[in-house]
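> 3D model of this:
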Amino acid sequence: RRVSSVLNRDVKQFGKQHLFDGSEETCWNSDQGTSQWVSLDFPRPVKVSQLHIQFQGGFSSRLCVLEGCRTGEELVKISELYPQDSHAMQISFPVEATVLDKLRITFGSSTDFFGRIVVYHLGVLGERL
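Numbering: from 1, shown residues only. Here you go, the predicted structure:
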């Protein structure tokens, strides 16, 4: 996993590990700037079918672009998602079934004036191949 940035470089409090820790108390918080992103490298090919995401209201993205590829290939656009500016878990983002080794989610338009993104939970559903 990689992320575009971490607020004030405070990895312990706001780092990428909090995207998947299952805790309601922790989050990944990006620094300010446009086009924040999360990149996931899978140890073996997966077929992604759905994305679950929970933002902090006021720090969400109006547009999420999903890109993916197989090892050694260039990223290609898979789909665009339009989340709500809400703290609720958003679980209804179906993704066109695509086999890939790498997934990148780009948060292109933040609802925060400074471009920060705050994610409490990120879930990628599908199957390992």
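> find the least confident helix or strand in the chain, judged by mean pLDDT.
strand 90-107 (a mean of 85; mean pLDDT, DSSP states H and E).
> all strands of the chain, in order?
Using DSSP state E, the strands of the chain run over residues 2-3, 28-29, 36-55, 64-69, 76-81, 90-107, 118-128.
> so which elements touch the longest one?
Read it as strand 36-55. When contacts are defined as 3 or more CB pairs under 8 Å, 6 or more residues apart in numbering; DSSP states H and E, strand 36-55 sits against strand 2-3, strand 64-69, strand 90-107, strand 118-128. No exception for glycine: its C-beta is placed from N, CA and C like everyone else's.
> most packed of those?
Comparing the helices and strands packed on strand 36-55 by mean neighbour count (mean count of other CB atoms under 10 Å), strand 64-69 ranks first with a mean of 20.
> and the angle for it with strand 76-81?
Per axes from the mean of the first three to the mean of the last three CA atoms, to 10 degrees, the angle that strand 64-69 makes with strand 76-81 is 160 degrees.
> hmm, back to that, which stretch among the strands of the chain comes nearest residue 12?
strand 28-29 (11.9 Å; CB to CB).
> re the thing from before, who wins for proximity to residue 17 among the strands of the chain?
Comparing those under CB to CB, the one sitting nearest is strand 28-29, at 8.2 Å.
> residue 2 contacts residue 15, correct?
No. Using CB atoms under 8 Å, residue 2 makes no contact with residue 15, being 11.1 Å away.
> could you point out which residue ranges in this structure have low pLDDT?
92 (pLDDT under 70).
> re earlier: sheet partners, orientation included, of the least confident helix or strand of the chain?
strand 36-55 (antiparallel), strand 64-69 (antiparallel) (DSSP bridges).
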